[in-house]
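> Next comes the sequence, and after it the predicted model I'd like to discuss.
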Amino acid sequence: MSIIKLLPDSVANQIAAGEVVQRPSSVVKELLENSVDSGAKTIRLVIKDAGKTLIHVIDDGIGMNKTDLKKCFFRHTTSKIRKSKDLYSLKTMGFRGEALSSIASVSHMSIISNKDNNNSLGYEIKLEGGQEKLFNEVVSNKGTSISVKNLFFNIPARRNFLKSDNVELKHIIDEFHRISLINHDINFIFINNNNELFNLSKSIFKERIIRVFGNSSKQKLIPINEETEIAKIKGFVFKPEYSRKTRSAQFFFVNKRFIKNSHLNHAVKSAYEGLIQDNLYPSYFLKINVPLNSIDVNIHPNKTEIKFDNDQSIYAILKSSIKHSLGQFNIAPTIDFDNNINLNTPYSYRNKEASIPKVDYNEAFNPFNNLTKPVDLKTKDFEISNVDDLVRTDQFKNELEILKTNIFPSFQLNSKYIITKTSTGILIINQKRAHQRILYENFLKELSNKINPIQTLLFPIKLDFNVEEIRMLKLLEAPLVHLGFKFNAFGPDNIEISGTHPFLNQNNVNGLFQDFLRNKDYNRDNTVHTLNDLIAKLLSKYSSISSNENINVKLQESLVNDLFACKDPNVSPFGKLIFKLISLEEIIKIF
């Protein structure tokens, strides 16, 4: 008896959907690319519940007639290619004819299309799980409207694997960026849960970048323009000082198709050698045009990877063009060997001899007098309000007074470790991690307080972000305000901070918010517990003493006391060991 069977079309389509439709953003990518291929001038994307409930794409492209509408959701039906050699001269985003059939097999899909601009009547087809349920004539404008509802309704396990709405929406926005950036000659509108996130009018490439990533990106851009027989490279890179710790703003477009390529990415990174730190990544928006027959697009299910015939040459051209632009705009450092040192001296001082500086001091001054006089500490940079209503940190230390009587003398090693004696051996404490643990638990307590101190800044701090980053940071606004932050403005493309928590150095504010954006836990879940934990962790990171900071004996003892009053003094908020106890037995074994 034969054991090999031909699978039914419904099963085959669901298998194909496993490659094509991984999450809601995959559906958005395929539908937007179809609209671009249709020659649309305006594309409208409507999303509900991060695409789990509804994905609706409307365009004014070429549209489909009755016959095409009947065929479009069958597997391997396409208008893009006719024979195998067409695969090596592709000018469209799609070509396999698998997307609509795969999407239809795992959703409730409705397609309305009209090909005749002079006729207000078009056709509508409705499908459930890939099966046609309705086909009729309807009133419609020229173009195509595709709505995808209840994604993965017939594959519950797949639906359960989807992440939170916040994460899935971020993936959708990423796909929207990739398609809207390169197709800047098309109007794009993006609506999420009845809120308009993007309204991008037709523009040049530079303006589209600024519209997507905020007005602040205008001053960061350096143009790239290189033409050779092998490739034409145009676009923009960010100035080195705006490099990030993530690869969030890196875009390669080869023949108007977004791709990921580690080899080309290395070329860009190497062009910045000596200008940025190794742990930072430059941002770029680069269009690479090559002959159609010199690349192979059909090597990846999502078509985000391609194969070049001459990738080494393109690597060299890309690297040299970026280095040339960095030098041309005086970004790369240069040495002027012809510089005359005499020109650096003002004319009026050329024959004037240097005078010996005078040092004034009080010979009667004795630093050991009046040691008991209290020191009045004031600063003009900030003021602290609401302190009287707080439970001070001194009260937190009162519980340790009994323990303090048994504290042994301590000293600092290498400005990084605190060494002290205990009744059973020697204790080595990492001062930075210990302080992080103390601050972390204090911040968690403050998040439950009714009121907290505010450090009002003399000069407000303005930070620039794009629309997506503002949307993510908006989730943190309420807990940050509760902790003492004060915002004069919050969006649409920047935030202005006029107050922070007293423990936070204002020089670390930008780093703190950048860490918020790239934190994986925050992107994965936005529950109150997770957000509070994240805020406490990152505030402790940026408010703690450094690893190379000298601290006096009194502060060392206070740090040890406060550490062992914590709920978990063993590890830092980031899971790293805080102290190591070397017992007397271990010391005896050494000798």
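Cool, the structure landed.

> Now stretch 562-580: buried residues?
Under the neighbour-count criterion of 16 or more other C-beta atoms under 10 Å, stretch 562-580 has 562, 563, 569, 572, 573, 578, 579 buried. Placement of C-beta: from N, CA and C, glycine included.

> What distance do you get for the third one to residue 541?
According to C-beta to C-beta, to the nearest Å, residue 569 and residue 541 sit 18 Å apart.

> can you put the buried residues of stretch 562-580 in a markdown table and add secondary structure?
Formatted as a markdown table, the buried residues of stretch 562-580 follow (DSSP: H, G, I helix; E, B strand; the rest coil):
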| residue | secondary structure |
| --- | --- |
| 562 | helix |
| 563 | helix |
| 569 | coil |
| 572 | coil |
| 573 | coil |
| 578 | coil |
| 579 | strand |
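
> Now render those as TSV, adding distance to residue 77 and pLDDT.
Converted to TSV, the buried residues of stretch 562-580 look like this (distance: C-beta to C-beta, whole Å; pLDDT from 0 to 100):
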residue	distance to residue 77	pLDDT
562	69	92
563	68	92
569	65	91
572	58	93
573	55	92
578	63	94
579	67	93
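
> Name the nearest of these relative to residue 217.
Closest approach between these and residue 217, by C-beta to C-beta: residue 573, at 33.1 Å.

> Distance to residue 246 added to the buried residues of stretch 562-580, as TSV?
TSV is the format used below for the buried residues of stretch 562-580 (distance: C-beta to C-beta, whole Å):
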residue	distance to residue 246
562	34
563	32
569	32
572	23
573	21
578	28
579	32
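
> Return the closest of those residues with respect to residue 169.
Nearest to residue 169 among these: residue 573, at 28.0 Å, using C-beta to C-beta.

> Low-confidence stretches in this structure?
Residues of the chain meeting the criterion pLDDT under 70: 1, 13-19, 82-89, 94-96, 298-302, 330-352, 354, 358-408, 520-529.

> Tell me, domain by domain, which residues of it belong where.
According to automatic domain parsing, the chain comprises the domains 9-202, 213-328, 382-581.

> how about those domains in CSV, adding distance to residue 587?
Compiled in CSV, the domains of the chain are given as follows (distance: least, C-beta to C-beta, whole Å):
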stretch, distance to residue 587
domain 9-202, 51
domain 213-328, 38
domain 382-581, 7
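
> in stretch 222-238, what's buried?
Those would be 222, 224, 226, 230, 231, 233, 234, 235, 236, 237, 238, for stretch 222-238 by 16+ other C-beta under 10 Å.

> Tell me which two in those are the farthest apart.
Going by C-beta to C-beta, the pair spanning these furthest: 230 and 238, at 25.3 Å.

> Distance from the helix or strand harbouring residue 555 to the middle of the chain?
Residue 555 is part of helix 553-564 when elements are defined by DSSP states H and E. With C-alpha atoms, centre = their mean, to the nearest Å as the basis, helix 553-564 stands 37 Å off its chain's centre.

> what's the next secondary structure element after it?
Trace forward from helix 553-564 with DSSP H and E and the next one is strand 579-583.

> Phi first, then psi, for residue 4.
phi -90, psi 120 (degrees, to the nearest 10).

> what about it, distance to residue 504?
66 Å.

> So those two - more neighbours on which side?
Legend: neighbour count by other C-beta atoms under 10 Å for residue 4 and residue 504, higher for residue 504 (18 against 4).

> for the more buried one, what are its contacts?
By C-beta atoms under 8 Å, 6 or more residues apart in numbering, the contact set of residue 504 is 455, 512, 539, 542, 543.

> Inside helices: which ones of these?
Using DSSP state H, the members of the contacts of residue 504 that fall within helices are 512, 539, 542, 543.

> Would you agree the second one is in contact with residue 441?
When you say that, I think you mean residue 539. No. Counting by C-beta atoms under 8 Å, residue 539 stays clear of residue 441, with 11.7 Å between them.

> how near is residue 218 to residue 242?
12 Å.

> Just want to know which of the two has more residues nearby.
Taking neighbours as other C-beta under 10 Å, residue 218 and residue 242 compare with residue 242 leading, 18 against 12.

> Isn't that one up against residue 283?
Yes. Applying C-beta under 8 Å as the test, residue 242 and residue 283 come out as touching, 6.7 Å apart.

> Now do the shared contacts for these two.
residue 220.

> still on that earlier bit, with secondary structure and distance to residue 41 as extra columns, can I get the buried residues of stretch 222-238 in TSV?
Output for those, formatted as TSV (DSSP: H, G, I helix; E, B strand; the rest coil; distance: C-beta to C-beta, whole Å):
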residue	secondary structure	distance to residue 41
222	strand	31
224	strand	28
226	strand	30
230	coil	33
231	coil	29
233	strand	27
234	strand	23
235	strand	23
236	strand	25
237	strand	30
238	strand	30
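
> Can you verify my assumption that residue 91 contacts residue 293?
No. The criterion here is C-beta under 8 Å, and residue 91 misses it with residue 293 at 11.9 Å.

> Look at residue 57 and give its secondary structure.
strand.

> and it, what does it touch?
With C-beta under 8 Å, 6+ apart, residue 57 has these contacts: 28, 31, 32, 34, 35, 43, 44, 45, 46, 145, 146, 147.

> where's stretch 157-177 relative to the chain centroid, distance-wise?
For stretch 157-177, the distance to the chain centre is 15 Å (C-alpha atoms, centre = their mean).

> and residue 450, how many neighbours does it have?
7.

> Could you say which helix or strand holds it?
Here residue 450 is assigned to no helix or strand, by DSSP H and E.

> For it, grab phi and psi.
Per degrees, to the nearest 10, the backbone of residue 450 is at phi -80, psi -30.

> quick one: residue 198 is in a helix?
No. Counting by three-state DSSP, residue 198 is not found in a helix; it is strand.

> okay, residue 539 and residue 441: which has more neighbours?
Each of residue 539 and residue 441 has its neighbours counted (other C-beta under 10 Å); residue 539 has more, 28 against 20.

> Name the nearest residue to that one, sequence neighbours excluded.
Among residues not flanking residue 539 along the chain, residue 443 sits closest, at 5.3 Å (C-beta to C-beta, 6 or more residues apart in numbering).

> For that neighbour, give its distance to residue 294.
As for residue 443, its distance to residue 294 is 56 Å (criterion: C-beta to C-beta).

> Check residue 99 too.
For residue 99, the distance to residue 294 - C-beta to C-beta - is 26 Å.

> Over to residue 254?
To residue 294, residue 254 is 10 Å away according to C-beta to C-beta.

> Then residue 108?
Where residue 294 is concerned, residue 108 sits at a distance of 42 Å (C-beta to C-beta).

> Strands of the stretch 51-200 of the chain, start to end?
54-59, 108-114, 121-128, 131-139, 143-149, 187-192, 195-200 (DSSP state E, counting those that start in this stretch).
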